[in-house]
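no letters, just coordinates:
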Ligand code: AMP
């Protein structure tokens, strides 16, 4: 880890500003948290700071309130959930969690001043101020004035240079990684810089356009690249095989052809589906047939999942890999009948306990959860967009801004 982490610094009695990702899904009326995974993910960092007698100030965005206060996007419902999660029932004590109705200004400053070691202050939604996303220096300075140490644990926002992820670090040092951020940088960084080999990447999802930069960057790193999902059909077309009504990006066929040539030149084994489950309509109850991918698809049919031969070939490379990166589903897994390939990949990745396995992207993460194998995965990335940009080889502003070791 090239950056300082919260474990490297003295926290005792200090005001510690922790940028967290509490961008949780809320019920329609904005009062109930429907999934607290993101809060739970950052608990180790908050608990670490509390154990080390810090005065903890938490800041996050929630939804897209477009720079104006909007009760629908208030972080207030998070207070009670946080209190519950932090409660140490076994030790019979509870943590004091206060709420500041604005993330900057007099009230926030006063509440921060009143904080004692081992207490928590949650600030209202950062994006109630347009200055947050504009990375405004005065706003960054106002946030910085609340604390003496900056911790970033919001990996999912690290690809954006906002006031709370980048600007603030100009006024508040040291700027260090939280435990979740540290884990993200360590696993993704190691996969890209010094992977245990064989290194296999599986990329799926709808379009090449969304993943081409990842494909290009990974071609310099991996031993085997597996391409599945909707984007495989553009590659199939590049190989001269018709794909019926399957999803194809006509303007990317040439790029797919170049990518195939590049993989070959670099000695990377590129695996495309061998067979597909074709459907006669885009529906869970469509008629289906398994079809060999070297043969033109019938004109009215479309591929919605990979077939059994493809699954077997992917299982083989996954089970012998030492590093696995997976991002994107192998089919339209939202329809249970076309989730077979995606679920099979989830189980195969989980079965290989000897490999470092890294899962990114919301769809692959839900497939892992659906298959009930999350415990067997080395690292499930919390940041969809951020992990993709990391895999593209881009520098993330929120990571770059942290103090070097
Ligand atoms: P992405 O957002 O690019 O990662 O793509 C995720 C989406 O790709 C999911 O909603 C899947 O339903 C979709 N997808 C995967 N395979 C196919 C396919 N064969 N045809 C159409 N859509 C697909």
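On my side now, so go ahead. These figures come from a predicted structure and were not determined experimentally.

near the ligand, which residues of the stretch 151-300 of the chain show up?
205, 206, 207, 210, 229, 230, 247 (CB under 6 Å from any ligand atom). For glycine as for every other residue, the C-beta is placed from the backbone atoms N, C-alpha and C.

please disregard the earlier target; I meant the stretch 301-405 of the chain.
Residues of the stretch 301-405 of the chain lying near the ligand (CB under 6 Å from any ligand atom): 303, 304, 328, 329, 331, 332, 334, 361, 363.

buried only: go through those for me.
Neighbour counting with 16 or more other CB atoms under 10 Å marks 303, 304, 328, 329, 331, 332, 361, 363 as buried within those.

any chance of those in CSV, with distance to residue 78, pLDDT and secondary structure too?
Listed next are these as CSV, based on distance: CB to CB, whole Å; pLDDT from 0 to 100; DSSP: H, G, I helix; E, B strand; the rest coil:
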residue, distance to residue 78, pLDDT, secondary structure
303, 42, 98, strand
304, 38, 98, strand
328, 30, 94, coil
329, 30, 96, coil
331, 35, 97, coil
332, 34, 97, coil
361, 25, 82, coil
363, 25, 88, helix
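
as TSV, those with distance to residue 53 would be great.
Formatted as TSV, these follow (distance: CB to CB, whole Å):
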residue	distance to residue 53
303	58
304	55
328	43
329	45
331	51
332	51
361	38
363	41
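
once you drop chain neighbours, what's closest to residue 236?
Spatial nearest neighbour of residue 236, excluding adjacent residues (CB to CB, 6 or more residues apart in numbering): residue 243 at 5.4 Å.

all strands for the stretch 51-200 of the chain, in order.
Per DSSP state E, counting those that start in this stretch, the stretch 51-200 of the chain carries strands over the ranges 55-59, 97-100, 120-123, 149-152, 175-177, 199-203.

closest to residue 72 out of these?
For those, proximity to residue 72 was assessed by CB to CB; strand 97-100 is nearest, at 16.6 Å.

what about the closest one, distance to the chain center?
Relative to its chain's centre, strand 97-100 lies at 28 Å (CA atoms, centre = their mean, to the nearest Å).

how far away is residue 187 from the ligand?
Counting by CB to the nearest ligand atom, to the nearest Å, the gap from residue 187 to the ligand is 20 Å.

I misspoke; the intended subject was residue 291.
Applying CB to the nearest ligand atom to residue 291 and the ligand gives a distance of 12 Å.

surely residue 385 and residue 156 touch.
Yes. With contact defined as CB atoms under 8 Å, residue 385 reaches residue 156; the gap is 7.3 Å.

quick one, what contacts the residue in the stretch 1-150 of the chain that the ligand sits nearest to?
With CB to the nearest ligand atom, the shortest gap between the stretch 1-150 of the chain and the ligand falls at residue 25, namely 17.4 Å. Neighbour list for residue 25: 33, 34, 35 [criterion: CB atoms under 8 Å, 6 or more residues apart in numbering].

of those, select the buried ones using a ChimeraX command.
Selection of the buried residues among the contacts of residue 25 in ChimeraX, burial being defined by 16+ other CB under 10 Å:
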select :33
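
of the contacts of residue 25, which is the nearest to residue 255?
Of all the contacts of residue 25, residue 35 has the smallest distance to residue 255: 36.5 Å, by CB to CB.

can you tell me the closest non-neighbouring residue to that closest one?
Once flanking residues are discounted, residue 35 sits nearest to residue 25: 5.1 Å by CB to CB, 6+ apart.

tell me the pLDDT of the one you found.
As summarised for this prediction, residue 25 has a pLDDT of 90.

again with residue 360
Residue 360 carries a pLDDT score of 88 in this model.

how near is it to residue 396?
Counting by CB to CB, to the nearest Å, the gap between residue 360 and residue 396 amounts to 13 Å.

now the residue of the stretch 151-300 of the chain found nearest the ligand, nearest residue through space, not along the chain?
Among the residues of the stretch 151-300 of the chain, residue 205 lies nearest to the ligand; the distance is 2.6 Å by CB to the nearest ligand atom. Sequence neighbours aside, residue 328 is the residue nearest to residue 205 in space, at 3.2 Å (criterion: CB to CB, 6+ apart).

who's in contact with the one you found?
Residue 328 touches 202, 203, 204, 205, 211, 228, 229, 231, 361, 363, 364, counting by CB under 8 Å, 6+ apart.

which residue does the stretch 301-405 of the chain have closest to the ligand?
For the stretch 301-405 of the chain, CB to the nearest ligand atom, closest residue to the ligand: residue 332, 3.9 Å.

out of the residues of the stretch 151-300 of the chain next to the ligand, which end up buried?
Applying 16+ other CB under 10 Å to these flags 205, 206, 207, 229, 230, 247 as buried.

hang on, the fifth one is in a strand, isn't it?
Pointing back at residue 230 there. No. Per DSSP: H, G, I helix; E, B strand; the rest coil, residue 230 lies outside any strand segment and is coil.
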